[in-house]
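K.L.:
one predicted model, sequence on top.
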2 protein chains.
Amino acid sequence: MTSHTKRNEDFGEWFRNVLVEAGILDYRYPIKGCGVWLPYGFQIRRMLTNLLRDLHDKFGHEEVRFPIMVTEPNLRKEASHIKDFENEVFWVTHGGRKPLQIRYALRPTSETAMYPMFKLWVRSHADLPIKMYQIGSVFRYETKTTRPIIRVREVTTFKEAHTCHATLEEAEKQISEAIQIYKQFFDACGVPYLISRRPDWDKFPGSLYSVAFDVLMPDGRTMQSGTIHNLGKNFSTVFDIKYEASDGEHENVYQTCYGISERGIGAELSVHGDDNGIVLIPNLAPTQVIVIPIPDKKIMPLILDTVERVVKNLTDSGFRVKIDKREELTPGSKFFFWELRGIPIRIEIGPRDVKKNQAIVVRRDTFEKKACTLAHLPQVVHQTVDEMSANMRMKAWGWMKSRVFRVDSLEKARTILAKKGGVVEAFWCGTEECGHNLEQINAKLLGVPIDVGETLEGKCASCGKEASSLVRLAIAY
Amino acid sequence: MTSHTKRNEDFGEWFRNVLVEAGILDYRYPIKGCGVWLPYGFQIRRMLTNLLRDLHDKFGHEEVRFPIMVTEPNLRKEASHIKDFENEVFWVTHGGRKPLQIRYALRPTSETAMYPMFKLWVRSHADLPIKMYQIGSVFRYETKTTRPIIRVREVTTFKEAHTCHATLEEAEKQISEAIQIYKQFFDACGVPYLISRRPDWDKFPGSLYSVAFDVLMPDGRTMQSGTIHNLGKNFSTVFDIKYEASDGEHENVYQTCYGISERGIGAELSVHGDDNGIVLIPNLAPTQVIVIPIPDKKIMPLILDTVERVVKNLTDSGFRVKIDKREELTPGSKFFFWELRGIPIRIEIGPRDVKKNQAIVVRRDTFEKKACTLAHLPQVVHQTVDEMSANMRMKAWGWMKSRVFRVDSLEKARTILAKKGGVVEAFWCGTEECGHNLEQINAKLLGVPIDVGETLEGKCASCGKEASSLVRLAIAY
């Protein structure tokens, strides 16, 4: 990177710089909290949205597209929902020179856009379940400090899924399915996560309960990167979504919804990045292999010919390959350019390699170099890609796990979080009073782990009474 | 179709009905001019947006994504631009409970969102050309009657490309390239078009001139379905987009932009549809072949087994195939269901076919049926798909061409358009006065053909003086 900011010294600065320098996102747009996805960033975004599409399609969801504007009366229908969003909604009040008769909100999320239509679509048991998703923009008039990708006013890449079911059991099963989908998403990204059930005072407005995926960022703070909500009948009651059950009664449906935004992309870039730029996990890299000819005046045509053959060979083997033939740049500046952009594999071919009928293969994560005969190149690249993916996952999970601390007192929790960030797990009696008390250490209560297998017993870190569960605390974005 | 509206008797009604009945778009959303893309409609939309992506990528464009909101000062920078859009802009005036310091427009098109960023990105000749595109929503507070897909307030599927060049010659070459791209797009859709240079009083606000693709709809009216604009230096001057030329001087860039909206999808559905529903050209059908088992109690397992083998065989041959096994529906109602949705090829397999080791292949456009041995099925489906595509193109072009009339008097033009619609071509001296006079026959002047090869001479249909060119007139959407 040109800016020489070290990722682990000033993560915020590193992140802002890498977005611009790697051609991912330009945040100088004249409206606060709005950025422009640049061509390379858009390609990365396309890889991740396609992954989300594939996963949702595989689990039987259908993609749809709802309007961006919502009428004010619909936004106001569910009382706790509007209460939470009221201070964050952008309002459209005029069409042309005239005031509108009713105001339109730019959707902050799409329950209130979708559910009046669900009411029209659900008639009988045969119409259930509904499992739909869309990927698009939602808008939040954020009052906290905005940050590119992480806290924005136009969330450009919000995947939200919405489902309707006949019974609460089916809705619960859907919650489990959603957790599976999100696990598979983050696993494909090689991004480690903690899954917690948010406390009641922090659940999605209008839901019965919320489950969240939190990602630990390099600066030791957690970032909420995916949420899953069981809505019960709250919305279906106010939006009057009913089906005729087999006994002829009209019953409100049970609903769930779950969302992942471009924070998923932000997590991928942050967790794997290093001081040289971003590092893309091979399956999600728009370009997986960059081939760079090392020039030599005497045998340049031979070198270029070898490069072309290598590109063809690797492309035929199923890799996404590019070649960098720019004559005005030195090999070193090309290395720098592609390292910054996180291309997993670099292949160098110079005069010595041509003579030896070989190429040099370099891994982006470890910068490990090895020579490889041209005949074995596809096989070696396959192997290197596999090793690199496994290493990136292992390293990221190892790093996170080493920063999850189980503590038995609030004081220890406070000291740990203040010193190095991370996540602390303490025992909790489950009362709201003790929950808020735990948060007094300047941390956010992420909630009760639902990804901890062991059965544990202990005393509440706040009141000392018998605890009902562990609870996670962290400094959160 | 359930509604039994004939496409050629009441096209507007047919179109509205087919959108709902075929599961394409639900227009009952509570905001006027806003519709919901339903799962099947979304699949069709995905095929067409992917086609647009492939074409723009092939011609060296890069996909990006700009914010939806534009500041009022930026929207107002180019005087003729805001003049034309002022009455059609949705304004965001409040964030949460507070009025915003400056108003934000929902972009009616993205010149004024993109060009302040182009100013930052263009420095030297090496940064040119810029060729970028995005696919997303734009908003128009339409005062004319709205119609689903054809005239809407949220245009959900606006592909807009924007380019910057060092010279006017390169901008002109870009206009030719854009025409090529749009020809390839509509040709892939099998949709016939007329290309005309719009008169000066109807060009895009802020451009030097505009070229438009018009599609003749079944009701005899034309629909503007793609536009291409040479912006000259108008926008680069007000947005101060400059590059350093080789002589060290800072020069404003030349710009072009071109757009296609969901009207492209509307054209595809309208032009090929018939009284039974839509008809999709095979290369753009999300499902190309639907296989329907004809039940027979005695040998049902054998029938289903044959069906599965056929599906596998055709899938392996590269077709997008589905099977309709629903037990609660009769074969007849399944035929109806898939005809409505325009699936190009239907394959029926019943007891007699199983015995004869054959299947029945039915074409959606002509309903032509033929028996085919299972061994030859992939080959026959390939051939049928080719014949069907060629026939759809030929029929559509023939239909349009038979409705383009060359006339030598205004009276004839008026009579023809009033009776059957279509397009008239008359001679025109090129003056604005005569242009407006020609429009007195209740038609819109589409402009001067740029797709007519012959050199023609004649007298202006308005003033009788020597004409400079032909001009097209039609009743337009």
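P.N.:
It's in.

K.L.:
all strands of the stretch 201-350 of chain A, in order?
P.N.:
Secondary structure of the stretch 201-350 of chain A (DSSP state E, counting those that start in this stretch): strands at A:209-216, A:222-232, A:242-244, A:250-252, A:254-260, A:289-293, A:321-323, A:345-349.

K.L.:
relative to strand A:254-260, how tilted is the first one?
P.N.:
Spelled out, that is strand A:209-216. 10 degrees (axes from the mean of the first three to the mean of the last three C-alpha atoms, to 10 degrees).

K.L.:
what comes into contact with strand A:209-216?
P.N.:
With contact meaning C-beta atoms under 8 Å, 6 or more residues apart in numbering or on different chains, strand A:209-216 is reached by A:175, A:179, A:182, A:186, A:191-198, A:200, A:202-204, A:222-230, A:267, A:271, A:400, A:403, A:421-423, A:446-447, A:450, A:472, A:474, A:476. For every residue, glycine as well, the C-beta is placed using N, CA and C.

K.L.:
ok, and the closest non-adjacent residue to A:Gly350?
P.N.:
Ranked by C-beta to C-beta, 6 or more residues apart in numbering or on different chains and with sequence neighbours excluded, the top spatial neighbour of A:Gly350 is A:Ile294, at 3.0 Å.

K.L.:
separation between the one you found and A:Leu304?
P.N.:
11 Å (C-beta to C-beta, to the nearest Å).

K.L.:
now, which of the contacts of strand A:209-216 lie within helices?
P.N.:
Counting by DSSP state H, these place A:175, A:179, A:182, A:186, A:267, A:271, A:400 in helices.

K.L.:
still on that earlier bit, how about the strands of the stretch 201-350 of chain A in JSON lines, adding mean pLDDT and mean neighbour count?
P.N.:
Below are the strands of the stretch 201-350 of chain A laid out as JSON lines (pLDDT from 0 to 100; neighbours: other C-beta atoms under 10 Å in any protein chain shown):
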{"stretch": "strand A:209-216", "mean pLDDT": "98", "mean neighbour count": "24"}
{"stretch": "strand A:222-232", "mean pLDDT": "98", "mean neighbour count": "24"}
{"stretch": "strand A:242-244", "mean pLDDT": "97", "mean neighbour count": "17"}
{"stretch": "strand A:250-252", "mean pLDDT": "97", "mean neighbour count": "15"}
{"stretch": "strand A:254-260", "mean pLDDT": "98", "mean neighbour count": "27"}
{"stretch": "strand A:289-293", "mean pLDDT": "98", "mean neighbour count": "24"}
{"stretch": "strand A:321-323", "mean pLDDT": "98", "mean neighbour count": "18"}
{"stretch": "strand A:345-349", "mean pLDDT": "98", "mean neighbour count": "22"}
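
K.L.:
that older thread, buried ones only from the contacts of strand A:209-216, please, as a PyMOL command.
P.N.:
Here is the PyMOL command that selects the buried residues among those (16 or more other C-beta atoms under 10 Å in any protein chain shown):
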select buried, chain A and resi 175+179+182+186+191+192+193+194+195+196+197+198+203+204+222+223+224+225+226+227+228+229+230+267+271+400+403+421+422+423+446+447+472+474
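
K.L.:
so for the residue in the stretch 251-400 of chain A positioned nearest to chain B, what's the pLDDT?
P.N.:
In the stretch 251-400 of chain A, the residue that lies nearest chain B is A:Glu328 (9.0 Å; C-beta to the nearest C-beta). Predicted confidence (pLDDT) for A:Glu328: 92.

K.L.:
what is the mean pLDDT for stretch A:331-343?
P.N.:
In the prediction, stretch A:331-343 has an average pLDDT of 98.

K.L.:
give me the contact list for that stretch.
P.N.:
A:1, A:18, A:21-23, A:40, A:272-273, A:276-280, A:285, A:287-290, A:292, A:294-295, A:322, A:324, A:326, A:329, A:346, A:348, A:364.

K.L.:
could you flag which of the residues you listed are buried?
P.N.:
Buried subset of the contacts of stretch A:331-343 (neighbour count, 16+ other C-beta under 10 Å): A:1, A:18, A:21-23, A:40, A:272-273, A:276-280, A:285, A:287-290, A:292, A:294, A:322, A:324, A:346, A:348, A:364.

K.L.:
mind checking which of these are in helices?
P.N.:
Per DSSP H, those map to helices at A:18, A:21, A:40, A:272.

K.L.:
who are the contact partners of the spatially closest residue to A:Ile195 that is not a sequence neighbour?
P.N.:
Spatially, and ignoring its direct neighbours in sequence, A:Ile195 is nearest to A:Asp451 (4.3 Å; C-beta to C-beta, 6+ apart). Counting by C-beta under 8 Å, 6+ apart, A:Asp451 touches A:194-196.

K.L.:
per-residue pLDDT, A:Asp451?
P.N.:
At A:Asp451, pLDDT is 91.

K.L.:
for it, give its distance to chain B.
P.N.:
The gap separating A:Asp451 from chain B is 32 Å, by C-beta to the nearest C-beta, to the nearest Å.

K.L.:
ok, A:Asp386 - how many residues close by?
P.N.:
Counted with other C-beta atoms under 10 Å in any protein chain shown, residues neighbouring A:Asp386 total 11.

K.L.:
element containing it, please.
P.N.:
Element membership for A:Asp386 (DSSP states H and E) is helix A:377-401.

K.L.:
and the closest residue to A:Gly23 other than its chain neighbours, how far is that from B:Gly464?
P.N.:
Nearest residue to A:Gly23, sequence neighbours excluded (C-beta to C-beta, 6+ apart): A:Tyr40, at 4.1 Å. Using C-beta to C-beta, A:Tyr40 is found at 60 Å from B:Gly464.
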